[in-house]
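Novice: structural data only, the sequence is not supplied:
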Ligand code: RP5
């Protein structure tokens, strides 16, 4: 039971680390790899083809610009791939979003919002929780903290 977080460049780490941090709070083992669909295509293919045999259950893939990494990874495996559109220099991540979300029918990538690596981590944990009651319980606790924060914030609003 583990998750792989992959990204197209080391420069994606500031965004992608939020997925890793969330998975660590859930006590889910996570590995991180930098793999580029454009610059290290062979390495990316080798990783994706072997990911299931390596014991990964979910892959989170983040990339920016012409972001082919999530879709190409999904092409090589039937593991669920969650795509994170990383904000880009010129188009603010709209290019990343459309490159990842607009997969043709047959090879899906579950795409989160631009820059929302934390949600990718949460979604991966929810998938893992289907077979891990311990993770399910932690997710329920996490939801309870979100609820408590909102309830508490209402008390502090002054009219
Ligand atoms: C993509 O190009 C990466 O995922 C990154 O978001 C973007 C820029 O990469 P660097 O030029 O910073 O390596 O492949």
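Specialist: Happy to help now that I have it. Keep in mind the model is a prediction, meaning the values are calculated, not measured. Numbering: from 1, shown residues only.
Novice: from here on, just use CA atoms for contacts and neighbour counts.
Specialist: Noted.
Novice: excluding its backbone neighbours, what's nearest residue 72?
Specialist: For residue 72, ignoring the flanking residues on the chain, the nearest one in space by CA to CA, 6 or more residues apart in numbering is residue 37 at 7.1 Å.
Novice: for residue 10, which non-adjacent residue is spatially closest?
Specialist: residue 34 (6.4 Å).
Novice: just checking, that neighbour touches residue 11?
Specialist: No: with contact defined as CA atoms under 8 Å, residue 34 and residue 11 do not form a contacting pair (9.7 Å).
Novice: how much space separates residue 40 from the ligand?
Specialist: Relative to the ligand, residue 40 is positioned 10 Å away (CA to the nearest ligand atom, to the nearest Å).
Novice: and that residue, how many neighbours does it have?
Specialist: Each residue near residue 40 was counted by other CA atoms under 10 Å, and the total is 12.
Novice: more neighbours: which of residue 34 and residue 11?
Specialist: With other CA under 10 Å as the criterion, residue 34 and residue 11 differ in neighbour count, and residue 34 comes out ahead with 18 against 13.
Novice: quick one, what contacts the more buried one?
Specialist: By CA atoms under 8 Å, 6 or more residues apart in numbering, the contact list for residue 34 reads 6-10.
Novice: and with 10 Å instead?
Specialist: The contact partners of residue 34, by CA atoms under 10 Å, 6 or more residues apart in numbering, come to 5-13, 40, 43-44, 61-62.
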